[in-house]
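J.: I would like to see how this sequence folds:
(one chain, ligands or ions: 2)
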Amino acid sequence: MRLIIEAGRACDLQIKYISVLISPGAPVWAVQQRIDWQDCAFMFDRDLLKGKRILVTGGGTGLGKEISMGFAAHGAHVFICGRRPEILEQAVGEIRTRSGGQADALVANVRDPDSIEKMMADIWNTGPLTGLVNNAGANFLAPTETLSPRGYEAIRSTIMDGSFYAAQGCGKRWIAAGLPGVIISNLVTWVWTGSAYVVPAAMAKAAVHAMTMSLAVEWGPKGIRVNAVAPGPFPTENAWDKLNPLVETGVGATQADEVPLRRFGKMDELRNLMIFLISDGCSYITGDTISIDGGHHLAAPSTFAGLSKLSPEDWQRAREAIQASTRKEKEGRSA
Ligand SMILES: CCCCC/C=C/C(=O)SCCNC(=O)CCNC(=O)[C@H](O)C(C)(C)COP(=O)(O)OP(=O)(O)OC[C@H]1O[C@@H](n2cnc3c(N)ncnc32)[C@H](O)[C@@H]1OP(=O)(O)O
Ligand SMILES: NC(=O)C1=CN([C@@H]2O[C@H](COP(=O)(O)OP(=O)(O)OC[C@H]3O[C@@H](n4cnc5c(N)ncnc54)[C@H](OP(=O)(O)O)[C@@H]3O)[C@@H](O)[C@H]2O)C=CC1
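T.: Numbers count the residues shown, from 1 in each chain. Ligands and ions are numbered 1, 2, ... in the order given. Alright, predicted model coming up:
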């Protein structure tokens, strides 16, 4: 048994990550432990995003919550959405308390264009957004030949349709009002490499990558910047439940030891990139997708190719473990 303790401190939010690798190939659990704000080192002026109003889809958990926290800590009013009211309310409370900034939550299902339109109308009733982060995502490991149309649709519609309708909802309002705006989509390095066993997610993210380049050109003359980030592994509870449900599924994409920088990403690293991209100081970057993965995709172990060793019985167990996690999530949904 090998035990690696990897501890890093997130500068602005002071989160300590401890990753414990039980044995090579075993799943990694990232324990996030909150500590005080006091010794924070901020990379940007604390007022950098003052006056900004930014919607982060899927901002109630994981990366979306951490990104929202970073925006709020730099003066922005953040709006988060998702399908579980309790999770959203908890997140809003946490963002307000820890960042000292403004945050509000809206229940919305990004798979449903009417739900997105209602959310946009509700937000615009209190004033226009200045920025949008397409972060809501869905994913699970599965051999492609076993996917049902509903399974494929659940992932595609969340990532591809959700990002399109949210971008369109903001874009049409900005254009009508002659306002500038910024859109950032949270993709994954599979937009360049593809990945076995997560094909619908790789396809949908690649579609949003194409949307990023296309809209940057179409809406650039109207003052709307459109960019994306492509993270490598940043362990979150949901992602790891869906992508590393068993000891046997601990391969490439969810492992730190094959990342050239030899560790997972830290939330403050992602936050800093997002704060930069959404800020006015970044006014000449558009149409780009920036990787933030410690070099993972260049070293090529960033996919689930290693899962070809799994037996049909292993896949059945993986499916059951993933679906147990989904059942737990569903209990809280109201949209
Ligand atoms: C380099 C590192 C990269 C890491 C990249 C990370 C990417 C991520 O995006 S991680 C994000 C993880 N978070 C989530 O996925 C949160 C949102 N997830 C969900 O809402 C659910 O998990 C969902 C995707 C399953 C969708 O929920 P819902 O619409 O309620 O879906 P159902 O439970 O009704 O299932 C729909 C359909 O899918 C089939 N299915 C579900 N799980 C599996 C599975 N493990 N294997 C095969 N098929 C599965 C399910 O059976 C349904 O189909 P039918 O049976 O035909 O009805
Ligand atoms: N963690 C990682 O290593 C990486 C993550 N990413 C991307 O980052 C994003 C966040 O992932 P992560 O934080 O790990 O996972 P989470 O599951 O924690 O985040 C996904 C969020 O999206 C929301 N969401 C899902 N479906 C919908 C829907 N139909 N309508 C509204 N909201 C929805 C979920 O809330 P709810 O279920 O309540 O609706 C949840 O808050 C994803 O797009 C993922 O692909 C990219 C690369 C690496």
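
J.: state the distance from the closest residue to residue 299 other than its chain neighbours to ligand 2.
T.: The shortest distance from residue 299 to any non-neighbouring residue, by Cβ to Cβ, 6 or more residues apart in numbering, is to residue 260 (5.2 Å). C-beta coordinates here come from the backbone N, C-alpha and C atoms, glycine included. Remark: distance between residue 260 and ligand 2 (Cβ to the nearest ligand atom, to the nearest Å) = 16 Å.

J.: state the number of residues packed around residue 260.
T.: Applying other Cβ atoms under 10 Å, we find 13 other residues in the vicinity of residue 260.

J.: how far away is the residue nearest to residue 113 when sequence neighbours are not counted from ligand 2?
T.: With sequence-adjacent residues excluded and distances taken as Cβ to Cβ, 6+ apart, residue 113 is closest to residue 165, at 4.7 Å. Using Cβ to the nearest ligand atom, residue 165 is found at 11 Å from ligand 2.

J.: thinking residue 165 is in contact with residue 108, fair?
T.: No: with the criterion set as Cβ atoms under 8 Å, residue 165 and residue 108 do not qualify as a contacting pair; they are 10.3 Å apart.

J.: any common contacting residues for these two?
T.: Contact criterion Cβ atoms under 8 Å, 6 or more residues apart in numbering; residues shared by residue 165 and residue 108: residue 116.

J.: these two: who's more crowded?
T.: Neighbours per residue, other Cβ under 10 Å: of residue 165 and residue 108, the larger number sits with residue 108, 27 against 21.

J.: ok, the more buried one to residue 88 distance?
T.: As for residue 108, its distance to residue 88 is 10 Å (criterion: Cβ to Cβ, to the nearest Å).

J.: and for residue 115?
T.: As judged by Cβ to Cβ, residue 115 and residue 88 stand 14 Å apart.

J.: more neighbours: the two, which one.
T.: Summary of the neighbour comparison: residue 115 and residue 88, criterion other Cβ under 10 Å, with residue 88 having more neighbours (25 against 19).
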